[in-house]
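Novice: pasting the sequence and the predicted model now:
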Amino acid sequence: MKRRTFVKGSAGAATGLTLAGCLGGSDGGSDQDTTTEGTTTGDSGSTEKIVIGSDIPYKPFEYKTESGELKGFDVDIAEALFKEQLDLEYEFKQTGFDTIIPSLNNGNFRIIMSAMTINDKRAEKVDFSDPYFTAYQTVAVLKGDDISTLDDLKGTTVAVQKGTTGQSAAEDLKEEFGGDLTIDSYDQITGAFNALLNNQAAAVINDNTVNAQYVEENDAVGFLEGEGEAAEQGKNAPPYLTLTVEEYGIAFRQDDDDFRKQVNDALAAIKDSGRYDEIYNEYFGSGGN
């Protein structure tokens, strides 16, 4: 299924959600298990609430409105999976992305839904659902700057979010440049874009849909042009440079196979029913995924 290039300005509605309090500490929080006891199948009458770890804000996947309401693509997908398909209560719990896997394995929440790319390094520590979104690492720059090709980033500073595949892509680029690149890492992606807008960084390397949100909302920001990895792989490439092609998945602890299978079945059901495309189109425009 095809992907759209840019995100829409408006976001879909998500109801019945609460945002749990932020986790403290840089070690991923305490070892207390906040997932409640009981079975996971809502059809059995279980009152278990599924606690979802997520890095917020990361618009358009998870973010809070000015009124404090939690919205986003992942938020609406969670509603479709857990409430509509599995008849389970759930809530999102905010945590930093760079500590989100240790926090999951410490029992601070049941799963991770946070625009997380499936890769081998993470799969050593967690198990993933079937993929539910395709993304590309891209480069956002200030329009009118002297950055028109990837090689123009040599000797500059790029901004990334800690613990992300954007940071990994920047590290690969630094190696390609023989070390001639400075990487500044921020706790949240908003910090990286503030650095770009304040001329503290020449570029932001990050997922295409999140970069597209900033491009759409700020006339001073644009994508670095070019073909790149998506075109090389024969994908339906967007009209800007792509450094990687990635798939997002929901992360589970490695002893949670039964629940992972239930979620995979629910994911297949919302794709088959058209519910997934309905949510996708609300955030990213028509055309499916």
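Specialist: Received it, and whenever you're ready, just let me know what you need.
Novice: for Phe128, see how far away Asn119 is.
Specialist: Distance check for Asn119 against Phe128: by CB to CB, to the nearest Å, it reads 9 Å. For the C-beta atoms, the positions are set from N, CA and C on the backbone; glycine is no exception.
Novice: those two: which is more packed in?
Specialist: Neighbour count, other CB atoms under 10 Å: between Asn119 and Phe128, Phe128 has more, with 21 against 15.
Novice: from Phe82, how far out is the more buried one?
Specialist: 17 Å.
Novice: likewise for Thr99?
Specialist: Taking CB to CB, one finds Thr99 at 24 Å from Phe82.
Novice: over to Ser54?
Specialist: Distance from Ser54 to Phe82, by CB to CB: 13 Å.
Novice: more crowded one of those two?
Specialist: Applying other CB under 10 Å to Ser54 and Phe82 shows that Ser54 carries more neighbours, namely 28 against 24.
Novice: skip the chain neighbours and tell me the closest residue to the more buried one.
Specialist: Ser114 (4.4 Å; CB to CB, 6 or more residues apart in numbering).
Novice: list the contacts for the one you found?
Specialist: Neighbour list for Ser114: Gly53, Ser54, Asp55, Tyr58, Phe61, Glu62, Asp74, Phe97, Ile100 [criterion: CB atoms under 8 Å, 6 or more residues apart in numbering].
Novice: for the stretch 151-289 of the chain, what spans make up the helices?
Specialist: Ranges of helices within the stretch 151-289 of the chain are 165-176, 189-197, 208-217, 229-232, 257-273, 275-284, based on DSSP state H, counting those that start in this stretch.
Novice: one step back: quick one: the residue nearest to Ser54 from Asp87, how far?
Specialist: Look at Ser114 and Asp87: by CB to CB, they are 23 Å apart.
Novice: can you check Tyr136 too?
Specialist: 35 Å.
Novice: do the same with Asp277
Specialist: In this view, Asp277 and Asp87 are 22 Å apart by CB to CB.
Novice: who's more crowded, these two?
Specialist: Using other CB under 10 Å as the criterion, Asp277 and Asp87 rank with Asp277 on top: 16 against 13.
Novice: need the longest strand for this structure.
Specialist: strand 133-142 (DSSP state E).
Novice: pop the domain breakdown of this structure in here.
Specialist: Following automatic domain parsing, one finds the domains of the chain at 19-132+249-284, 134-246.
Novice: with mean pLDDT added, can I get those domains in TSV?
Specialist: Putting the domains of the chain into TSV (pLDDT from 0 to 100) gives the following:
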stretch	mean pLDDT
domain 19-132+249-284	86
domain 134-246	95
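Novice: hey, where'd the strands end up in the stretch 1-150 of the chain?
Specialist: Applying DSSP state E, counting those that start in this stretch to the stretch 1-150 of the chain gives strands spanning 19-20, 49-54, 63-64, 70-71, 89-94, 111-112, 127-128, 133-142.
Novice: out of these, the one nearest Asp187 is which?
Specialist: Checking these against Asp187 by CB to CB gives strand 89-94 as the closest, at 11.9 Å.
Novice: run through the residues that contact the nearest residue to Glu227 once chain neighbours are set aside.
Specialist: Ranked by CB to CB, 6+ apart and with sequence neighbours excluded, the top spatial neighbour of Glu227 is Ala237, at 6.4 Å. Residues near Ala237 by CB under 8 Å, 6+ apart: Glu227, Gly228, Ala230, Ala231.
Novice: contacting residues around the first one?
Specialist: The reference is to Glu227. Ala237, Leu241, Thr242.
Novice: just curious, which of those residues is nearest to Asn199?
Specialist: Distance to Asn199 across the contacts of Glu227 (CB to CB) is lowest for Leu241, with 21.2 Å.
Novice: can you report phi and psi for that closest one?
Specialist: Main-chain torsions, Leu241, degrees, to the nearest 10: phi -60, psi 130.
Novice: 746 is where my numbering starts, stick with that
Specialist: Okay, residue one is now 746; in that scheme the one you just asked about reads as Leu986.
Novice: what's the burial count for it?
Specialist: Here the number of neighbours of Leu986 (other CB under 10 Å) works out to 22.
Novice: so it sits against Val886, correct?
Specialist: No. Contact criterion CB atoms under 8 Å: Leu986 and Val886 do not qualify, at 10.1 Å.
Novice: got any residues that touch both of those two?
Specialist: Phe968, Leu969.
Novice: grab the nearest non-local neighbour of the residue nearest the centre of the chain.
Specialist: When CA atoms, centre = their mean is applied to the chain, the residue found nearest the centroid is Ala860 (1.9 Å). Once flanking residues are discounted, Ala860 sits nearest to Phe806: 4.3 Å by CB to CB, 6+ apart.
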